[in-house]
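S.K.: Pasting a predicted model and its sequence here:
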Amino acid sequence: MMRAIFAVLRKELIDAMRDRRAWMVILVSSLVSGPLTLLLLANTVSDVEARARQREVYMVGAERAPELVNFLARQGRTATAPPADYTARIASGAFAQAVLEVDADFARDFAQGAPARVRVVYDENRSRSMASAHVLESLVQEFSREVRSQRIAARGVAPAVLGPVNVDEINLGSSRGRFTQMLFIVPMMTLIAALVGAITVAIDVTAGERERGSLEPLLMNPVSTFTVVVGKWLVVSLSSLTTLGLSIGSFTAAGQWMNNEALAALFQFGPFEIGVFLALLAPYCMLMSAVLMLVATFARSFKEAQAYTSYLVTLVGFVPAITVFLSLRDSVWMLFVPALAQNMVLSRALRGADIGAIDILVPGALCLALAALAIGAQAFLLRRESIVFARSA
């Protein structure tokens, strides 16, 4: 039986390697898309942080608030006039900084002890403008607290009276954990890479062969249908694992190219993380290969199989996003849901959390069991003439 399986494996592997252009597209996409997204994310975070630390504060009407300008100077900030058309430029995205507008009656209200008003002009739809606005609001609030304390002290009242309750923050999260909240892209791209590497081959060995008319002669050979399916599945799994390995390797290299030292130090994608990714995703690749083959078996043509399998890619791509947007907490039940289990454990590995044997064994065993069921179901289907001869007209 093993000789027959390897014979089918060799035949399908030779057929798969003939389409070199498709392989080039798959390999390039797996090597470039994920790391490029990660580098763009790191560059965006670095740029936002750099602009937030910028020492210039753009103000309109600075001459009406000398006390505020003096406070900003003591904080190491310099009040600078924005462009004349700053409102339109902020709205269009041409000017990424928030602008502090001083009210015309600021000096009078401030002198009388009445609430003086300032306005922060920004665009909440642009991250750079939002970061700059938060810095301005924080500076104005600090200035307000300082002035309030001075006025209370001048009346012989201790400033501590204004704060009957003090709040001390105890942050139990690590800096690495906070950073990895933004790294949901890494598990998502590896989960999708496993699918991308398997789709073309899975469709070709099922719907493609049936469309070309080469499936019937193959099944007429003196080997069982199960043996044929296993041989095809091994080729698809090998393709998926190859793409996965290249994707993980490219993420490792991308960590060395980050232009933000803090993010690069926190993004530890070393031997332990690589081992967890491979141990967890290898059974996942085998399951996805079997499922893709089973789905493509129902299609009457190559194009129809592409449409069917694209739904699976979309579903897997949504899994990490759902966990982020719904703020799902890590739970034991997730270990029994393919894709969701892998995403949870991979995210924990990136956070530096403890990974136990059960976190690897349960999802792996489940994936292998489901893969066996999918292979058995496809072998059963290929014994039916309505499936084997169901070509598109």
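M.R.: Done, it's in.

S.K.: Using neighbour counts, pick out the buried residues of stretch 375-385.
M.R.: Using 16 or more other Cβ atoms under 10 Å as the test for burial, stretch 375-385 gives Ile375, Ala377, Gln378, Ala379, Leu381, Leu382. Every C-beta, even on glycine, is put in place using the N, C-alpha and C of the backbone.

S.K.: Run through the stretch 101-250 of the chain and note the low-pLDDT ranges.
M.R.: Across the stretch 101-250 of the chain, the ranges flagged by pLDDT under 70 are 159-164, 166, 169-184.

S.K.: From the buried residues of stretch 375-385, which land in helices?
M.R.: If you go by DSSP state H, the buried residues of stretch 375-385 have Ile375, Ala377, Gln378, Ala379, Leu381 in helices.

S.K.: Spell out which two among those are the most distant pair, please.
M.R.: Based on Cβ to Cβ, the longest span within those runs between Ile375 and Leu381 and measures 10.8 Å.

S.K.: Which neighbours do these two have in common?
M.R.: Shared contacts of Ile375 and Leu381 (Cβ atoms under 8 Å, 6 or more residues apart in numbering): none.

S.K.: circling back: got CSV for the buried residues of stretch 375-385, with pLDDT and distance to Arg300 too?
M.R.: As requested, those are exported to CSV (pLDDT from 0 to 100; distance: Cβ to Cβ, whole Å):
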residue, pLDDT, distance to Arg300
Ile375, 94, 21
Ala377, 93, 18
Gln378, 91, 16
Ala379, 90, 19
Leu381, 86, 13
Leu382, 83, 14
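
S.K.: Tabulate those in JSON lines, adding columns for distance to Phe226.
M.R.: Output for the buried residues of stretch 375-385, formatted as JSON lines (distance: Cβ to Cβ, whole Å):
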{"residue": "Ile375", "distance to Phe226": "8"}
{"residue": "Ala377", "distance to Phe226": "11"}
{"residue": "Gln378", "distance to Phe226": "9"}
{"residue": "Ala379", "distance to Phe226": "4"}
{"residue": "Leu381", "distance to Phe226": "12"}
{"residue": "Leu382", "distance to Phe226": "9"}
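
S.K.: so which of these comes closest to Thr309?
M.R.: Of all the buried residues of stretch 375-385, Thr309 sits closest to Gln378, with 14.0 Å by Cβ to Cβ.

S.K.: looking at it, that closest one is touching Thr297, isn't it?
M.R.: Yes. Counting by Cβ atoms under 8 Å, Gln378 touches Thr297, with 5.5 Å between them.

S.K.: tally of neighbours for Ala307?
M.R.: 10 (other Cβ atoms under 10 Å).

S.K.: what's near enough to touch it?
M.R.: Ala299.

S.K.: give me the element it is part of.
M.R.: Secondary structure from DSSP states H and E places Ala307 in helix 302-325.

S.K.: Can you name the element that comes right after that helix?
M.R.: Per DSSP H and E, the first helix or strand lying C-terminal to helix 302-325 is helix 340-351.

S.K.: That next one vs helix 302-325, what angle?
M.R.: 50 degrees (axes from the mean of the first three to the mean of the last three Cα atoms, to 10 degrees).

S.K.: pull the CA atoms of helix 340-351 into CSV?
M.R.: The C-alpha coordinates for helix 340-351 follow below in CSV (Å, rounded to 0.1, in the frame of the first residue of the first chain):
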residue,chain,number,x,y,z
LEU,A,340,-9.4,29.6,16.4
ALA,A,341,-7.2,27.3,18.5
GLN,A,342,-4.2,28.0,16.4
ASN,A,343,-4.8,31.7,16.5
MET,A,344,-5.2,31.7,20.3
VAL,A,345,-2.0,29.7,21.0
LEU,A,346,0.1,31.6,18.5
SER,A,347,-1.0,34.9,19.9
ARG,A,348,0.0,33.6,23.4
ALA,A,349,3.4,32.6,22.1
LEU,A,350,4.0,36.1,20.7
ARG,A,351,2.9,37.6,24.1
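
S.K.: tell me the mean pLDDT for that helix?
M.R.: If you average the pLDDT over helix 340-351, you get 86.
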